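Trainee: Can you look at this prediction? I've put the sequence above it.
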Amino acid sequence: MNIEQLREYCLSLPCVREDVKWGNDLCFLIGEKMFCVTGLDGMLTASLKVADDERPEILAMDGIVPAPYLARYGWVKVERGSALTEEEWKKYVLAAYHLVRSKLPKKVKDQLK
């Protein structure tokens, strides 16, 4: 997977918008909450929100580490695009999306419909 494929997949999910933060990070948001962040330059790296029960499994994979500054909030960093297959990318991005969406306040969820 490359950055453009990741972008297309994230934006294909319902009610997702993108934003550039911190000068050079492409962030994908649902209800103003991030679920995936990638750099705009260079090779594909990305940080994703991961469920507590999935974190040990994904962190055991080569090329995936706790996300700097965000690990305490359940985020991991995929250090290179080839660390995951396209199917795994989609699985973990979709899981991150659902995890963040499920924790949104009811009022925000209602506005997303």
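Mentor: Here it is on my side, so go on. For clarity, every value in this text was computed on a predicted model and none was experimentally measured.

Trainee: ok, Asn24 - contacts?
Mentor: Contacts of Asn24 were listed using C-beta atoms under 8 Å, 6 or more residues apart in numbering, and they are 39-41. (Glycine included, C-beta is placed from N, CA and C.)

Trainee: hey, where'd the strands end up in the chain?
Mentor: With DSSP state E, the ranges of strands along the chain come out as 16-21, 25-30, 33-39, 46-49, 64-66, 75-78.

Trainee: Neighbouring strands of the third one in the sheet, and parallel or not?
Mentor: When pairing is defined by DSSP bridges, strand 33-39 lines up against strand 25-30 (antiparallel), strand 46-49 (antiparallel).

Trainee: if you average pLDDT over the first one, what comes out?
Mentor: Strand 25-30 shows a mean pLDDT of 95 in the predicted model.

Trainee: Flag every buried residue along it.
Mentor: Residues of strand 25-30 classed as buried by neighbour count (16 or more other C-beta atoms under 10 Å): 26-30.

Trainee: any idea how far it is from the chain center?
Mentor: Using C-alpha atoms, centre = their mean, to the nearest Å, we find the averaged C-alpha position of strand 25-30 to lie 8 Å away from the chain's own average C-alpha position.

Trainee: Tally up the residues packed near Lys77, please.
Mentor: Taking other C-beta atoms under 10 Å as the criterion, the count of residues near Lys77 is 19.

Trainee: residues contacting it?
Mentor: For Lys77, the contacting residues are 45-47, 64-68, by C-beta under 8 Å, 6+ apart.

Trainee: in this structure, what spans have low per-residue confidence?
Mentor: 113 (pLDDT under 70).
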